[in-house]
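*Asks:* Sequence first, predicted coordinates after that:
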Amino acid sequence: QIVFNIVIFYLLVIGAASLAILLRPQILTTILGANELTAYAPLVAIVLLTWGCSSFLETVVVANQEILLATIIIIAANVTKTLFIVGAVVLFDSFEALLYAAILQGVLQFAGLIVYLLVRFGKVWRNFDATLLRDQLSYALPLGIASTILQFHLLVDSLIVSKQLGSAALAVYAIGCFNMPLFFLISDAVGSVMIPRVSYLQKLDARREIIELLAR
């Protein structure tokens with residue numbers, strides 16, 4: 001039921017944002033300062049919907065204490081994402097192809113989420129619990145607001161460059177300032193599955209196991 005409530009929330013919030021882009025493509029121009037993007041608004045809306053609604057797949061798997069499966073999903077998602085997006089750029093050399101590749105990745109992730117939910121939890125939609133949803137929102141919304149502020153802080157420089165100088169300058173800026181440190185890439189993947197596991201072991205007061213886990 002907890003997982004189903006998360007699905008509902010994501011569908012409503014991200015669906016509303018996707019619908020807004022679909023109905024008012026000028027939103028993209030207002031945010032990014034790139035008039036060219038309005039022509040791709042339907043594709044951008046689909047990317048937002050599929051990626052957003054499937055973004056918590058590995059989180060659900062970790063919460064269900066399937067650490068190995070979560071690790072496999074994280075690695076597989078990054079591999080397919082790289083293959084689709086790089087392949088689209090190399091083979092077709094167009095922004096439209098890039099969006100279609102992103103949609104393919106999003107659909108694949110969303111299908112994986114649906115299959116996992118059905119296999120692990122069955123027909124979770126049968127017993128909707130509004131009280132539980134309210135309790136979840138009271139816990140999650142403050143964290144969500146804090147996360148939104150953090151994301152804006154991380155993206156504000158790109159938004160300013162795009163708005164003031166245009167999409168071409170943003171492309172140069174993004175590539176020039178881009179880096180992917182291997183250490184942080186690996187540590188983030190490990191941390192995303194290790195932290196919930198440590199929390200679970202802490203509930204069991206399994207201190208020795210926590211130390212061994214951290215050492216490994």
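*Replies:* Received the coordinates, thanks.
*Asks:* just how off-centre is stretch 48-60 within its chain?
*Replies:* Using C-alpha atoms, centre = their mean, to the nearest Å, the mean C-alpha position of stretch 48-60 is found 5 Å from that of the whole chain.
*Asks:* Buried residues, it. List them.
*Replies:* Neighbour-count burial for stretch 48-60, counted by 16 or more other C-beta atoms under 10 Å, picks out Leu48, Leu49, Thr50, Trp51, Gly52, Cys53, Ser54, Ser55, Phe56, Leu57, Glu58, Val60. Placement of C-beta: from N, CA and C, glycine included.
*Asks:* show me what contacts the fifth one?
*Replies:* The neighbours of Gly52, taking C-beta atoms under 8 Å, 6 or more residues apart in numbering as the test, are Tyr10, Ile14, Ala17, Ser18.
*Asks:* how far away is it from Ile46?
*Replies:* 11 Å (C-beta to C-beta, to the nearest Å).
*Asks:* so what sits against both of these two?
*Replies:* By C-beta under 8 Å, 6+ apart, the residues touching both Gly52 and Ile46 are Ser18.
*Asks:* And Gln1, how far from Lys123?
*Replies:* From Gln1 across to Lys123, the span is 11 Å (C-beta to C-beta).
*Asks:* can you list the weak-confidence ranges in the protein?
*Replies:* Within the chain, the stretches with pLDDT under 70 are 33-34, 178-181, 184.
*Asks:* which residues of it fall in strands?
*Replies:* Ranges of strands within the chain: none, based on DSSP state E.
*Asks:* Spatially central residue for it, please.
*Replies:* The chain has Ser55 as the residue nearest its centroid, 3.5 Å off, counting by C-alpha atoms, centre = their mean.
*Asks:* so what does the helix ranked longest in the chain touch, helix or strand wise?
*Replies:* Scanning the chain for the longest helix, with DSSP state H as the assignment, gives helix 130-165. If contacts are counted by 3 or more C-beta pairs under 8 Å, 6 or more residues apart in numbering; DSSP states H and E, helix 130-165 sits against helix 2-23, helix 26-32, helix 167-176.
*Asks:* Right, I'll leave it there.
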